[in-house]
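*Asks:* Got a sequence here, can you build the structure:
(chains A, B, C and D)
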Number of protein chains: 2
Amino acid sequence: MASASTTTRKSVRQHRVAALPETRYDRRLAEILSHATEVFCKKGYEGASMRDLSRESGMSLAGLYYYFGSKERLLYLIQRHTFTTIVERLKTRLQGVDDPEERIRIFILNHLEYFLANQAAMKVLSHEDEVLKNDFGSEVATIKRSYYRICVGLLDALKQERRLHFSPRIAVLSLFGMMNWIYTWHNPRVDADAETIASEMGDIFLRGVMASQGNGRKQ
Amino acid sequence: MASASTTTRKSVRQHRVAALPETRYDRRLAEILSHATEVFCKKGYEGASMRDLSRESGMSLAGLYYYFGSKERLLYLIQRHTFTTIVERLKTRLQGVDDPEERIRIFILNHLEYFLANQAAMKVLSHEDEVLKNDFGSEVATIKRSYYRICVGLLDALKQERRLHFSPRIAVLSLFGMMNWIYTWHNPRVDADAETIASEMGDIFLRGVMASQGNGRKQ
DNA sequence: TAGGATTCCGAACGAACGTTCGAATAGTCC
DNA sequence: GGACTATTCGAACGTTCGTTCGGAATCCTA
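*Replies:* From the prediction side, this is the model:
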């Protein structure tokens, strides 16, 4: 879940097999990150105490601090890992696909699939958006901006190809709203799976945007 | 902002003019609610301390408790007032309008206008959605459900009139997502006003939903 | 202006907070 | 087995938390 390079340990151990840097430390760290994600999701970052995390992960309060310098850094590691993973997956999936509409469909599917498969982590990413300050905050903000820009690029391509008229900013942010809001309502026992929802949201969004031929009011 | 009936005072005073129940108490309470809304918006409910509220509103820590029994009740009053107001305004605006599409456009405009005019309150309503428990929580949830149902009703009317094919649940929740997400990105100095945004979001959503004639995949 | 109700506050309560530290334990290599 | 490092913990640190309480200040009415 998190690589050793993200830690603050004084001594960096040498790994016998460079291609498999999964040390005991890394594994334990990932476990704790996973439990912490669950707790942050349930109680919110501010509402969750280090003692809650200790109880949930089965490790002593002081023991946690061997892995993370601070509670804030804990949230940072969760957010950074979640965000970089979703961006990486998107880039892989987009490779070799040229049709602008299809590329946007892939974007939506990738986002929603990851969202529903990692609901807790994505809620922590969406809901605790503004709590990280300074370096931690700006680093996550950088990843976020790059993700946003990818989406703008996809929409611009569609717009150019079909000579559409709509405001890319409002469109992108509307799309993100549709998708991210899902953490407030999705119930796995009632609602459809990611593919179905992605298809339906894709329909609404793409038809809405593509119907703006000529008679759009903006730009 | 809040009526006297919402308080827990032991003695209820008689008002000289029944039609104007704006007592000193009510005015002061509304002031504090307004400051508290600002602080909750900026630091989050859990992140904001009663001492923060005291500082912001210029009233002593103990003085605040004369008006609110608890921090939780404070959030409850903010959320209830905000939600009931937006529902009331919507009902007024919908009166006399029969065209289904126009009614949905009114819904969107009403929501976004109130959202941007009361950004702090709406962020507190959206972002602190799950923190109220028990009676407070279920009472706000009731208002929320009624608001949701109104929107479903508007969409069903459109669907029936134009013989469309889409899932009302996904459509409504997508629309709420588009609109509510605005608190994460709207910048008054950069972005357009409510009317413009409502028009653009309305275009995307309504065209998207209305293009589902016959070839929709769901229902 | 007296007197009772309303409004406000300083000071304190116990509990919980994030974090630290020195010592105890577990793991690894000679 | 001994020595060295990596990991874990109990106990405590000082601070801040939400809330309470008795009394002071202020307001309203007679």
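*Asks:* Mind checking which residue lies nearest the centre of chain A?
*Replies:* A:F83 (3.9 Å; C-alpha atoms, centre = their mean).
*Asks:* Now the phi/psi pair for the nearest residue to A:Y45 once chain neighbours are set aside, please.
*Replies:* Spatial nearest neighbour of A:Y45, excluding adjacent residues (C-beta to C-beta, 6 or more residues apart in numbering or on different chains): A:E128 at 4.5 Å. For glycine as for every other residue, the C-beta is placed from the backbone atoms N, C-alpha and C. Backbone torsions of A:E128, given as degrees, to the nearest 10, read phi -100, psi 50.
*Asks:* A:G69: how many residues sit nearby?
*Replies:* Neighbour count of A:G69, defined by other C-beta atoms under 10 Å in any protein chain shown: 11.
*Asks:* Next one: it from A:I104, what distance?
*Replies:* Distance check for A:G69 against A:I104: by C-beta to C-beta, to the nearest Å, it reads 40 Å.
*Asks:* what about A:R105, how many neighbours?
*Replies:* Neighbours around A:R105, by other C-beta under 10 Å: 19.
*Asks:* and the nearest residue to it once chain neighbours are set aside, what helix or strand is that in?
*Replies:* When the adjacent residues along the chain are set aside, A:R105 lies closest to A:G202, with 5.2 Å between them (C-beta to C-beta, 6+ apart). Using DSSP states H and E, A:G202 sits within helix A:194-210.
*Asks:* average pLDDT for that helix?
*Replies:* Mean pLDDT, computed over helix A:194-210, is 96.
*Asks:* how about stretch A:140-153: buried residues?
*Replies:* Judged by neighbour count (16 or more other C-beta atoms under 10 Å in any protein chain shown), stretch A:140-153 contains these buried residues: A:140, A:143, A:147, A:150-151.
*Asks:* For burial, what's the neighbour tally of A:K91?
*Replies:* A:K91 is flanked by 10 other residues according to other C-beta under 10 Å.
*Asks:* rewinding a little: what comes up buried for the helix holding A:G202?
*Replies:* Here helix A:194-210 shows A:194, A:197-210 as buried, counting by 16+ other C-beta under 10 Å.
*Asks:* what separates stretch A:173-189 from the chain centre, distance-wise?
*Replies:* Offset of stretch A:173-189 from its chain centre (C-alpha atoms, centre = their mean, to the nearest Å): 13 Å.
*Asks:* Is A:H186 in contact with A:A117, as I believe?
*Replies:* No. Checked against C-beta atoms under 8 Å, the pair A:H186 and A:A117 is beyond contact range at 11.7 Å.
*Asks:* Between the two, which has more neighbouring residues?
*Replies:* Neighbour tally, A:H186 and A:A117, criterion other C-beta under 10 Å: the higher count belongs to A:H186, 18 against 10.
*Asks:* Pull up the per-residue confidence for A:A19.
*Replies:* Reported pLDDT for A:A19: 47.
*Asks:* what does A:E22 give?
*Replies:* With respect to pLDDT, A:E22 has a value of 77.
*Asks:* And the one 10 residues further on, by the same measure?
*Replies:* In the prediction, the pLDDT value recorded for A:I32 is 96.
*Asks:* The residue of chain A found nearest DNA strand D: how many residues sit nearby?
*Replies:* Nearest residue of chain A to DNA strand D: A:A62, at 2.5 Å (C-beta to the nearest atom of the strand). Per other C-beta under 10 Å, the neighbour tally for A:A62 reads 9.
*Asks:* Do any residues in the strand or helix carrying A:G137 lie close to chain B?
*Replies:* Taking DSSP H and E as the definition, A:G137 sits inside helix A:134-162. No. Helix A:134-162 lies out of reach of chain B by C-beta under 8 Å from any C-beta of the partner chain, never closer than 9.6 Å.
*Asks:* Which is the succeeding secondary structure element to that helix?
*Replies:* helix A:168-180.
*Asks:* what distance separates that following helix from the centre of its chain?
*Replies:* Relative to its chain's centre, helix A:168-180 lies at 15 Å (C-alpha atoms, centre = their mean).
*Asks:* That one versus helix B:168-180: what angle between them?
*Replies:* 130 degrees (axes from the mean of the first three to the mean of the last three C-alpha atoms, to 10 degrees).
*Asks:* give me the number of residues near the closest residue to A:Y67 other than its chain neighbours?
*Replies:* The shortest distance from A:Y67 to any non-neighbouring residue, by C-beta to C-beta, 6+ apart, is to A:L29 (5.2 Å). Counted with other C-beta under 10 Å, residues neighbouring A:L29 total 21.
*Asks:* A:L29 and B:Q95, how far apart?
*Replies:* A:L29 is 59 Å from B:Q95, by C-beta to C-beta.
*Asks:* cool, and A:G47?
*Replies:* Taken as C-beta to C-beta, the span from A:G47 to B:Q95 is 41 Å.
*Asks:* Before I go, just wanted to say thanks for your time.
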